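1. Quick one: sequence and predicted model below, then my questions.
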Amino acid sequence: MKILIAPDKFKGSLTAAQVCVAIAKGIKINNYKHEIISCPMADGGEGSIDIINNYLSLMPVELIVNDPLFRPIKSTYYISDLTAYIEMSSASGLTLLKKEEQNCMYTSSYGTGELIKDAINKGLTTINLYIGGSATNDGGIGIASALGFEFYDKFKKLLYPIGKNLVSIDYIDVGKIKFNFKEININVICDVDNPLSGKNGAAFVYASQKGADSFEINKLDQGLINLQSILIKHDFPDVEKIPGSGAAGGAGGGLVSLFGAKLISGIQNFIEITQLESLIKECDVIITGEGKIDLQTEKGKVISGICKLASKYKKPIIGVCGVKEEGVSNKLGLSKVYTILEIADSMNDAIENGEKYLIDIGSKILADL
């Protein structure tokens, strides 16, 4: 039997590669003579470039940029030929902030723009930007500000590019832009398909995870609506309802409108990079997983993409996770789901000892088939 293990990371516990190793160890405990193929996956969030490095030869570039609160931080992006690979989380990520510092009313994606600017100044013509894990809800105006855009209120006061100021934007000045973005391909790789604003938009779905309270969430949503109206007023494209425009606090939509960027499904990007479809064609059983299976899993995450391919080729697919919401696994088409929290003593135990529990689960999977 040929077994394909293709999980995402278990956030805060194990990388995707470590998940593969643990499950494979468990399968081998029972001396099964099966062929095991490990294919660590990602979908555009943190850790995406670690996965890409398994398949491409990337050269790191280090520089000092601004973190989400405009403090200097060392960040790294990667180069292959004339293409830059940049993780938004490396400069503008939520994990860069202490819990008490997290509030997307006051954070900016400016540092990510500085990484892009450096890559363009080096003559790179394609930017692959992986935007998962951001600390921001600024509609991408931080990135845009680092690249020459200026945003003013109705009193002609220059605005800091933070979430709180979206609602005050009245005028966009493009006079200081030094690049021709028609000559630069910007690909925005994201793991969600939310619209820019509204009940399913960036603020209402994700801002609470980034420290905003209910009052601030409403203000941020109003700000994104205002940003869209000002973009249209300045003859930039309407991106409000484009799936993924709400990714990374609206950075997805902002980049499409201001730079002509392309939004690309993260899981589809990694399916191509890893040649996953051909692996699924040839395998007998698929094991996938991530830290949490919930409603967001259906919206462009690793498991949903793999489940679609499993269904296409009529392959049995098993899920492994830390915790799950009821009913979601059935919608995805998973034949069975193993959950660490069901056998761990607590959530902390599940996170700290994830490897041990995945080995245990791996030893049971084939016996239960």
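-> Perfect, I can see it now.

2. Quick check: mean pLDDT of the strand or helix carrying Ile273?
-> Using DSSP states H and E, Ile273 sits within helix 266-274. With pLDDT averaged residue by residue, helix 266-274 scores 92.

3. buried sites along that helix?
-> Residues of helix 266-274 classed as buried: 266-267, 269-271, 273-274 (neighbour count, 16 or more other C-beta atoms under 10 Å). C-beta here means a position set from N, CA and C on the backbone, and glycine is covered the same way.

4. Same check on stretch 24-40?
-> Buried residues in stretch 24-40 (16+ other C-beta under 10 Å): 24, 26-27, 36, 38-40.

5. Would you mind splitting the chain into its domains for me?
-> Here the domain parsing of the chain from automatic domain parsing is 2-40+277-368, 48-266.

6. where does the stretch 51-200 of the chain dip in pLDDT?
-> Counting by pLDDT under 70, the stretch 51-200 of the chain contains no low-confidence range.

7. if you go through it in chain order, where are the helices?
-> 89-92, 110-121, 141-146 (DSSP state H, counting those that start in this stretch).

8. Turn those helices into TSV, including distance to Lys299.
-> As requested, the helices of the stretch 51-200 of the chain are exported to TSV (distance: least, C-beta to C-beta, whole Å):
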stretch	distance to Lys299
helix 89-92	19
helix 110-121	22
helix 141-146	23
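
9. Take the ones you listed and lay them out in JSON lines including distance to Leu279 and mean neighbour count.
-> Shown next, in JSON lines, are the helices of the stretch 51-200 of the chain (distance: least, C-beta to C-beta, whole Å; neighbours: other C-beta atoms under 10 Å):
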{"stretch": "helix 89-92", "distance to Leu279": "27", "mean neighbour count": "28"}
{"stretch": "helix 110-121", "distance to Leu279": "31", "mean neighbour count": "23"}
{"stretch": "helix 141-146", "distance to Leu279": "35", "mean neighbour count": "28"}
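
10. Where does pLDDT dip in the stretch 201-350 of the chain?
-> In the stretch 201-350 of the chain, no residues with pLDDT under 70.

11. List the contacts of Asn53.
-> Applying C-beta atoms under 8 Å, 6 or more residues apart in numbering, one finds that Asn53 lies in contact with Tyr78.

12. now swap in Ile5 and tell me
-> Shown in contact with Ile5 (C-beta under 8 Å, 6+ apart): 19-20, 23-24, 36-39, 287-288.

13. Now, the residues you listed that are in strands?
-> 36-38, 287-288 (DSSP state E).

14. could these be laid out in CSV, adding distance to Asp138?
-> Shown next, in CSV, are those (distance: C-beta to C-beta, whole Å):
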residue, distance to Asp138
Ile36, 44
Ile37, 41
Ser38, 38
Ile287, 38
Thr288, 33
